[in-house]
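Colleague: Any chance you could fold what I've pasted below:
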Amino acid sequence: MGTVPAKPRRGRAPTHYQNYILREDEHPPSGLLGLQTPYGEGVQAHPDELLFIAIHQTFELWFKVMVDEILRKSDGVVARIDAGAYAEASRALRRLAKITNVMREQYSIVETISPTDFLVFRDVLRPSSGYDSAQFRALELASGLRRDASYLKHLCGAKAAAGADPGALSKMVGRAALEVEAGRGSKLAEYSVVKKLMTTGDARGLRLIERALAAPSLRDAAYRAVQKAPAGPAPAAWLKARAKEWSRAQLQAAASGAPSDAALSPREAAQVLHHVASLYRAATARELREPSARATLDLVEAMVEYDESFRNLRMIHINMVLRVIGARPGTGGSAGAPYLRTTLDYEFFPLLWRARDHIEGA
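Modeller: Numbers count the residues shown, from 1 in each chain. The predicted model follows:
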């Protein structure tokens with residue numbers, strides 16, 4: 001998966017900064033810097049509207065980079081893991097974590113907008129919302145939530161998601177995109193992300209979600225990779241106990257609407273826990289000698305680092321919302337901070353966290 005230097009781009013004018021980065025030649029007269037003006041007709045409602053738009057456009061640019069980093073077919077993170085290129089995958093995962101940390105800091109910039117100043121232009125945003133960001137949804141799916149039953153219900157509606165696997169839901173979202181492209185409205189009864197995107201006419205966003213649902217996620221790749229790591233046989237009673245714990249936890253989660261991974265069998269969950277815990281035990285005992293095993297452990301740590309950064313991002317987002325608008329409903333129709341609190345339990349790699357309970361063999 002080595003890189004090849006790009007060939008010179010012939011048949012075009014010399015590259016200049018204002019065109020290569022700002023794209024003033026493709027989008028005259030101002031290019032990128034002309035995209036932060038008030039949307040539609042009218043004037044800026046408040047000077048902080050410029051900051052608000054710039055911050056959220058920056059988020060969308062980061063989401064684009066991150067989705068591409070994960071899903072590129074030949075050398076995305078998932079492809080690198082499946083090819084056994086763990087060092088390159090770990091480096092890319094830490095890049096994702098650093099980008100997520102940058103986004104977390106961006107929320108602290110939004111916090112500098114006072115509640116009174118935000119109220120001046122908040123109504124201008126209705127009925128749009130960050131809830132409608134298809135790229136953010138695709139990022140969550142690509143990172144691992146395409147396997148999460150509660151998330152899929154939120155994405156597509158409980159009726160559509162019931163008993164459906166990500167592949168079937170991908171086809172359903174593809175049909176929704178076709179409806180939008182044909183100029184037809186949503187026929188979905190339940191409120192969901194897909195219904196909202198159909199209502200807003202975001203066919204491109206629906207296509208991106210379709211792609212993320214259809215492609216293997218980081219969670220899929222992570223669990224495949226750790227099961228290839230060397231590990232001695234686990235006691236049958238230990239595996240049986242872990243499988244029983246996983247099954248019980250998934251049933252409880254499904255009953256309460258909490259995050260769950262119904263696609264993963266209890267037996268496979270127990271094997272993943274065994275392999276990850278074995279890696280940590282071997283490292284603790286200074287017995288992790290095989291380069292492939294050390295690379296796998298570093299990959300696990302990079303995944304947890306990325307997951308942790310995203311969990312921190314969700315928390316700081318809630319605090320920012322509470323500071324600026326309190327517990328009022330969001331502009332897009334969500335419950336606001338109460339809805340955001342329901343997202344705190346989402347984990348991209350739940351078994352990599354649970355394995356820490358068994359590092360000492362308990």
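Colleague: Tell me, what's the model's pLDDT at residue 288?
Modeller: Looking at residue 288, its pLDDT is 87.
Colleague: quick one, phi psi at it?
Modeller: phi -90, psi 80 (degrees, to the nearest 10).
Colleague: nearest spatial neighbour of it, skipping sequence neighbours?
Modeller: Counting by Cβ to Cβ, 6 or more residues apart in numbering, the nearest residue to residue 288 once its immediate chain neighbours are dropped is residue 282, at 4.3 Å. Bear in mind the C-beta positions are built from the backbone N, C-alpha and C, glycine included.
Colleague: and the next element down the chain from the helix or strand in which the one you found is found?
Modeller: According to DSSP states H and E, residue 282 maps onto helix 266-284. Downstream of helix 266-284, the first helix or strand assigned by DSSP H and E is helix 291-325.
Colleague: I figured residue 278 hits residue 227, correct?
Modeller: No. Between residue 278 and residue 227 there is no contact, the gap being 10.9 Å when judged by Cβ atoms under 8 Å.
Colleague: Which one of the two is surrounded by more residues?
Modeller: Neighbour count, other Cβ atoms under 10 Å: between residue 278 and residue 227, residue 278 has more, with 23 against 15.
Colleague: what helix or strand is the residue sitting nearest the centre point of the chain on?
Modeller: Centroid-nearest residue in the chain: residue 140, 2.2 Å away (criterion: Cα atoms, centre = their mean). Here residue 140, judged by DSSP H and E, is contained in helix 134-143.
Colleague: got the angle for that helix vs helix 291-325?
Modeller: 150 degrees (axes from the mean of the first three to the mean of the last three Cα atoms, to 10 degrees).
Colleague: Which strands or helices does the helix or strand following helix 134-143 pack on?
Modeller: Per DSSP H and E, the first helix or strand lying C-terminal to helix 134-143 is helix 149-156. Judged by 3 or more Cβ pairs under 8 Å, 6 or more residues apart in numbering; DSSP states H and E, helix 149-156 is in contact with helix 134-143, helix 158-161, helix 166-181, helix 193-200, helix 236-256.
Colleague: contacting residues around helix 149-156?
Modeller: Helix 149-156 is contacted from outside by 137, 140-141, 145-146, 161-162, 164, 166, 169, 172-173, 192-194, 209, 253-254, 257-262, 346, using Cβ atoms under 8 Å, 6 or more residues apart in numbering.
Colleague: Below-threshold pLDDT in this structure: ranges please.
Modeller: Where the chain drops to pLDDT under 70, the residues are 1-4, 6-12, 40-42, 331-333, 335, 361-362.
Colleague: what about stretch 144-151, start to end distance?
Modeller: Start-to-end span of stretch 144-151 (Cα to Cα, to the nearest Å) is 10 Å.
Colleague: Excluding covalently adjacent residues, which one is nearest to residue 68?
Modeller: residue 76 (7.4 Å).
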